[in-house]
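A.B. asks: Okay, sequence plus prediction incoming.
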Amino acid sequence: MYNFHNHTYRCGHATGKDEEYVLEAIKNGYEVMGFSDHAPYLFPKGHHSGYRIQLDKAQDYANSIKALKEKYKSVIDIKLGYELEYFPALWDEEIEYLKGFEYDYLILGQHYTDNEYEPFAHYSGHETDSVAVLDKYISQVTLGAKTGCFTYIAHPDLINFTGDKEVYLKKMRNFITTLKELDIPLEFNFLGYTSHRNYPNPNVWKIIAEVGNRVVIGLDAHKPNVYSDKEDLQKATEFLADLNITPINLNELKLVNYKGEYEQF
């Protein structure tokens, strides 16, 4: 078993010590786990993001995960990663900054359209009936995927579009098809599933099944005991099975590290 979507208390909305996540993963039979807290971002001065690692905690995060990786190397394979958005105006500087921590992988979670610090930026999980916002979300995720820096896309259906359903499904089908062509896996988000959010969206997952994208289950763990929720994990697996979707095995997943090199299990 594996999970690459795991947060820490440094993001401000997760609880528990780093080591507690590791011990829960070990107890529940996980062979590989990755920490992917919300990456610190080099925003213009004056912007404070309240849901990600702050710059003054960035080195502590990397040091902690690397220390746990060494401590438990004979029991579980631990990877250092980040979840982050593709913000066009900030991307080049941001990716060079993160490379300094020598990460093992990145996952793309587009929580905002445009650039987060801009006053017109839209939080993807908030309702919108704007086709322009939907188009922007699809565009930014697609451009992010095309950078080749990301291992997979977290909650690809995060955008909470409440407008015309026919328009939404047509655009999402084109989006999912493009991601299939880019051969980047898509995440079935366990947190969204268990907390009954607007994602995973059943209609989008029907499209994913029809298009045939590669799929991973990401726990999106914000507390250690998520690793013990085997009952809901079984339900999530059955949900996918009903759509004839089988999550890929660990040896089918390639991590893209800070050097742009692939690691395969």
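C.D. replies: Here it is on my side, so go on.
A.B. asks: Do a quick rundown of the strands in this structure.
C.D. replies: Under the criterion DSSP state E, strands of the chain are mapped to 2-3, 32-38, 77-84, 105-108, 152-153, 186-189, 215-218, 254-256, 262-264.
A.B. asks: Adjacent strands (with direction) for the first one?
C.D. replies: So the one you mean is strand 2-3. Using DSSP bridges, the strands paired with strand 2-3 are strand 32-38 (parallel).
A.B. asks: in the strand it pairs with, what's buried?
C.D. replies: Neighbour-count burial for strand 32-38 flags Val32, Met33, Gly34, Phe35, Ser36, Asp37, His38 (criterion: 16 or more other CB atoms under 10 Å). C-beta coordinates here come from the backbone N, C-alpha and C atoms, glycine included.
A.B. asks: same check, this time on stretch 101-113
C.D. replies: Using 16+ other CB under 10 Å as the burial criterion, the residues of stretch 101-113 that qualify are Phe101, Tyr103, Asp104, Tyr105, Leu106, Ile107, Leu108, Gly109, Gln110, His111, Tyr112, Thr113.
A.B. asks: wait, doesn't the fifth one sit right on Leu84?
C.D. replies: Yes: distance between Leu106 and Leu84: 6.4 Å, which falls inside the contact criterion (CB atoms under 8 Å).
A.B. asks: Any regions of this structure where pLDDT drops low?
C.D. replies: Scanning the chain for pLDDT under 70 picks out no residues.
A.B. asks: then the top helix by length along it to PDB, C-alphas only?
C.D. replies: Within the chain, and with DSSP state H defining each element, the longest helix by residue count is helix 165-182. Taking Å, rounded to 0.1, in the frame of the first residue of the first chain, the C-alpha atoms of helix 165-182 are listed here in PDB:
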ATOM      1  CA  LYS A 165     -24.000  21.200 -16.300                       C
ATOM      2  CA  GLU A 166     -23.800  20.400 -20.000                       C
ATOM      3  CA  VAL A 167     -21.100  23.000 -20.500                       C
ATOM      4  CA  TYR A 168     -19.200  21.700 -17.400                       C
ATOM      5  CA  LEU A 169     -19.200  18.100 -18.500                       C
ATOM      6  CA  LYS A 170     -18.100  19.000 -22.000                       C
ATOM      7  CA  LYS A 171     -15.200  21.100 -20.800                       C
ATOM      8  CA  MET A 172     -14.200  18.500 -18.200                       C
ATOM      9  CA  ARG A 173     -14.200  15.700 -20.800                       C
ATOM     10  CA  ASN A 174     -11.900  17.700 -23.000                       C
ATOM     11  CA  PHE A 175      -9.700  18.400 -19.900                       C
ATOM     12  CA  ILE A 176      -9.600  14.800 -18.800                       C
ATOM     13  CA  THR A 177      -8.800  13.700 -22.300                       C
ATOM     14  CA  THR A 178      -5.900  16.100 -22.500                       C
ATOM     15  CA  LEU A 179      -4.500  14.800 -19.200                       C
ATOM     16  CA  LYS A 180      -4.800  11.300 -20.600                       C
ATOM     17  CA  GLU A 181      -2.700  12.300 -23.600                       C
ATOM     18  CA  LEU A 182      -0.100  13.800 -21.200                       C
END
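A.B. asks: Which elements pack onto that helix?
C.D. replies: Taking 3 or more CB pairs under 8 Å, 6 or more residues apart in numbering; DSSP states H and E as the contact definition, the neighbouring helices and strands of helix 165-182 are helix 131-146, helix 202-211.
A.B. asks: Tabulate the ones you listed in TSV, adding columns for distance to Leu191 and mean neighbour count.
C.D. replies: Supplementary listing: those in TSV, determined by distance: least, CB to CB, whole Å; neighbours: other CB atoms under 10 Å:
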stretch	distance to Leu191	mean neighbour count
helix 131-146	18	18
helix 202-211	15	17
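A.B. asks: With respect to Asp77, which of those lies nearest?
C.D. replies: Taking CB to CB as the criterion, Asp77 comes closest to helix 131-146 out of the helices and strands packed on helix 165-182, the separation being 25.2 Å.
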